[in-house]
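Visitor: Need coordinates for the following:
(one chain, ligands or ions: 2)
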Amino acid sequence: MSKLRSIILKAPGISSARKAYWELHQGKLPQYCFRWPIYDMWRPVVNLKAKKLYRLHAREMAPRGMEKSIIEQLRKRGIAIVHINDLLPGKVLLDIQRWVENQLQIPEVKEQIKLIEAGGRRQSKSDKYYIVRPFGDVPVFDLQNDIVAMSLSGPILRIACGYHRMFCRLTALDLWYNVATEGPDLYSQRWHRDPDDRVILKTFLYLRDVDEDNGPFCYIPGTHRAGPLRQKIGRLNYPKPGVVERKFSPSRRQVCTGKAGTLVFCDTTGFHKGGHPKRGARLLFNAVYTSNASHSIRRGAGQFFLKKPVRAIQYPAASFAIALIGFVG
Ligand SMILES: O=C(O)CCC(=O)C(=O)O
Ligand SMILES: [Fe+2]
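Guide: Ligands and ions are numbered 1, 2, ... in the order given. Take a look at the predicted model:
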């Protein structure tokens, strides 16, 4: 089948429409489905079930205490910052930190860090050579792992689903170790909007202190709604250098420094950048929550895998969040 596909796709004169049709057959939506206004018309349709499920489980999904104010801040400003211990028992952070610091002691990981520190480039699929990803290009996690459990926990999912106003998908989960580099900002170190969906909730859990010098996440509150320099789905959203700086004065830009355990919730359809340490390094866990209509889900790009479940997840929002994630082993 895949041989036939490559013959067809390489055939001279094949029209992009036919290519798109083929992709549709593979279960992936063609790129034109992500163009305005097509995307905005079918997005609600693809999310109907997720909305219905959210209503059906309204009682258990109702945000509690601080979760409510996090959702309110997200709606108003596109960003909310808390300490993880305010949402989950203190042991969670300590367990995650212990496990992560051990991962950084793995010889290959240490070698990668040394290589970049010495000005070299590590081999990877991603262009962001300055980020060491201890779990590789496509991380595989145990369902029982603390970071997975945290990302699917009641408080986090009540916030993610509450903000999306529907059940949502966990589309990425990864550990980043940003090494200090010289030179100008590159890729996501530059101001941009993310192109995956009309609403994207990302969480960044700092596992070591982050100050002005080791690559804080930066955001322009309030830019998460359609406004100047509109977001495009599935395409580049990087304005030319200097444009964002000219439009938004420094007082409008939020620099998210914080102690280990700081948890940033952010709608990254708004302008953001980060991860360029000038000295030291930045260590964080990143999780991404999108709707069922996101570019990555519809184009079938699995950004992480889970090991075969030992026991099924009983919590409906959690099983929906990972329902499209591949299981291995
Ligand atoms: O590394 C950062 O602080 C920014 C990352 C980013 O742009 C993203 O996750 O969308
Ligand atoms: Fe981004």
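
Visitor: Now for the residue of the stretch 1-150 of the chain found nearest ligand 2, how many residues are close by?
Guide: With CB to the ion as the measure, Lys128 is the residue of the stretch 1-150 of the chain nearest to ligand 2, at 10.7 Å. For the C-beta atoms, the positions are set from N, CA and C on the backbone; glycine is no exception. With neighbours defined by other CB atoms under 10 Å, the count for Lys128 comes to 15.

Visitor: ok, for it, nearest residue in space, not its chain neighbours?
Guide: Counting by CB to CB, 6 or more residues apart in numbering, Lys128 lies nearest to Tyr187, which is 5.4 Å off, once chain neighbours are set aside.

Visitor: distance of that neighbour from ligand 2?
Guide: Applying CB to the ion, to the nearest Å, the value for Tyr187 to ligand 2 is 9 Å.

Visitor: Let me see the backbone angles for that residue.
Guide: phi 40, psi -120 (degrees, to the nearest 10).

Visitor: Assumed Val148 was part of a helix.
Guide: Yes - applying DSSP: H, G, I helix; E, B strand; the rest coil, one finds Val148 inside a helix.

Visitor: Kindly state the pLDDT recorded for it?
Guide: In this model, Val148 is scored at 95, pLDDT.

Visitor: Let me know whether it touches Pro139 as I believe.
Guide: No - contact between Val148 and Pro139 fails when scored by CB atoms under 8 Å: they sit 10.3 Å apart.

Visitor: Tell me which of those two has more neighbours.
Guide: Val148 (20 against 17).

Visitor: low pLDDT regions in this protein?
Guide: Scanning the chain for pLDDT under 70 picks out the ranges 1-25, 310.

Visitor: just the helices in it please.
Guide: 2-10, 16-25, 38-46, 48-56, 58-61, 66-77, 90-103, 107-117, 146-151, 154-164, 243-247, 295-298, 316-321 (DSSP state H).

Visitor: For His192, grab the count of nearby residues.
Guide: Neighbours of His192 using other CB under 10 Å come to 19.

Visitor: ugh, wrong one, Lys273
Guide: Per other CB under 10 Å, the neighbour tally for Lys273 reads 21.

Visitor: How about Glu117?
Guide: Glu117 has 12 neighbouring residues, counting by other CB under 10 Å.

Visitor: right, and it touches Val179 too?
Guide: Yes - here Glu117 reaches Val179: they are 5.8 Å apart, a contact under CB under 8 Å.

Visitor: Export the helices of the chain as a markdown table, with columns for distance to ligand 1.
Guide: Formatted as a markdown table, the helices of the chain follow (distance: least, CB to the nearest ligand atom, whole Å):
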| stretch | distance to ligand 1 |
| --- | --- |
| helix 2-10 | 30 |
| helix 16-25 | 25 |
| helix 38-46 | 19 |
| helix 48-56 | 22 |
| helix 58-61 | 25 |
| helix 66-77 | 16 |
| helix 90-103 | 17 |
| helix 107-117 | 15 |
| helix 146-151 | 15 |
| helix 154-164 | 15 |
| helix 243-247 | 13 |
| helix 295-298 | 12 |
| helix 316-321 | 18 |
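
Visitor: winner for burial among those helices?
Guide: Counting by mean count of other CB atoms under 10 Å, helix 154-164 has the highest mean neighbour count of the helices of the chain, with a mean of 23.

Visitor: send the alpha carbons of that helix over as PDB?
Guide: Extracted in PDB, the C-alpha atoms of helix 154-164 (Å, rounded to 0.1, in the frame of the first residue of the first chain):
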ATOM      1  CA  GLY A 154      -8.400  16.100  38.000                       C
ATOM      2  CA  PRO A 155      -7.300  19.700  38.700                       C
ATOM      3  CA  ILE A 156      -5.300  20.000  35.500                       C
ATOM      4  CA  LEU A 157      -8.000  18.400  33.300                       C
ATOM      5  CA  ARG A 158     -10.700  20.500  34.900                       C
ATOM      6  CA  ILE A 159      -8.700  23.600  34.000                       C
ATOM      7  CA  ALA A 160      -7.800  22.400  30.500                       C
ATOM      8  CA  CYS A 161     -11.400  21.200  29.600                       C
ATOM      9  CA  GLY A 162     -12.900  24.200  31.500                       C
ATOM     10  CA  TYR A 163     -10.900  26.600  29.400                       C
ATOM     11  CA  HIS A 164     -11.700  24.700  26.100                       C
END
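
Visitor: From the contact counts, what lies against it?
Guide: Identification of packing neighbours for helix 154-164 by 3 or more CB pairs under 8 Å, 6 or more residues apart in numbering; DSSP states H and E yields helix 58-61, helix 66-77, strand 201-206, strand 262-267, strand 281-290, helix 316-321.
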